[in-house]
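Asker: I'd like to go over a predicted model; first the sequence, then the structure.
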Amino acid sequence: MQKVTILCVGKLKEKFYIDAAAEYVKRLSRFCKLELVELPEERLPEDPSPAQIEAALLKEAAAIRAKLPSGAALIALCVEGEPRSSEALARQMAAWASQGVGHLVFLIGGSFGLHPSIKAEARLRLSMSPMTFPHHLARVMVLEQIYRAYQINAGTKYHK
């Protein structure tokens, strides 16, 4: 059974996000070994300078690297990433599984995104949309898309 880690910068606080994420975590338990890892978001002043943002993203990147399992395929979610349909993501996940990639790590940055150096290390930079979403909502969206990919690959009627 493939292992999937959702590595997130920032902690869910709102009950509706927590409940939605928990529902997909429960559903995914039939398809993969899922782990959710939350890392603290670096604190910044109300109106941070570019240098302060850069320093915070560098610290977050170091914390992310410390949690990355060796040999895992890193999928970084970022707005400039490659948009993929649900079917294309399902095909990619199936291809990785057939190639022996036993661990996928989906990385969701904090409110200022991810440092370019960590994005450069990703096997895939994935964009959910050119629109901007709260990073907490992105977690629920990623969980749903992973669930949908497993459903597509299983040939169920979930994906229409």
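Answerer: In hand now; what should we look at?

Asker: please, which helix or strand holds the closest residue to residue 94 other than its chain neighbours?
Answerer: Leaving aside its chain neighbours, residue 94 sits nearest to residue 153 (5.1 Å; criterion: Cβ to Cβ, 6 or more residues apart in numbering). In this view, the C-beta of every residue, glycine as well, is placed from N, C-alpha and C. Using DSSP states H and E, residue 153 sits within helix 135-154.

Asker: for that helix, buried residues please.
Answerer: Residues 135-136, 138-153 are the ones in helix 135-154 that count as buried (16 or more other Cβ atoms under 10 Å).

Asker: what of stretch 81-97?
Answerer: Result for stretch 81-97 [16+ other Cβ under 10 Å]: buried residues 81, 84, 89, 90, 92, 93, 96.

Asker: repeat that for stretch 54-72.
Answerer: 56, 57, 60, 61, 64, 68, 72.

Asker: centre of the chain to it, how far?
Answerer: 13 Å (Cα atoms, centre = their mean, to the nearest Å).

Asker: could you dump it to PDB, C-alpha only?
Answerer: Provided in PDB are the C-alpha atoms of stretch 54-72 (Å, rounded to 0.1, in the frame of the first residue of the first chain):
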ATOM      1  CA  GLU A  54      12.600  35.500   2.300                       C
ATOM      2  CA  ALA A  55      14.100  34.700   5.700                       C
ATOM      3  CA  ALA A  56      10.800  33.100   7.000                       C
ATOM      4  CA  LEU A  57      10.500  31.000   3.800                       C
ATOM      5  CA  LEU A  58      14.100  29.800   4.200                       C
ATOM      6  CA  LYS A  59      13.500  28.700   7.800                       C
ATOM      7  CA  GLU A  60      10.300  26.900   6.700                       C
ATOM      8  CA  ALA A  61      12.200  25.200   3.900                       C
ATOM      9  CA  ALA A  62      14.700  23.900   6.400                       C
ATOM     10  CA  ALA A  63      11.900  22.600   8.600                       C
ATOM     11  CA  ILE A  64      10.300  20.900   5.500                       C
ATOM     12  CA  ARG A  65      13.600  19.300   4.500                       C
ATOM     13  CA  ALA A  66      14.000  17.800   8.000                       C
ATOM     14  CA  LYS A  67      10.600  16.100   7.600                       C
ATOM     15  CA  LEU A  68      11.100  14.800   4.000                       C
ATOM     16  CA  PRO A  69      11.500  11.000   3.900                       C
ATOM     17  CA  SER A  70      14.300   9.900   1.600                       C
ATOM     18  CA  GLY A  71      13.200   8.400  -1.600                       C
ATOM     19  CA  ALA A  72       9.700  10.000  -1.500                       C
END
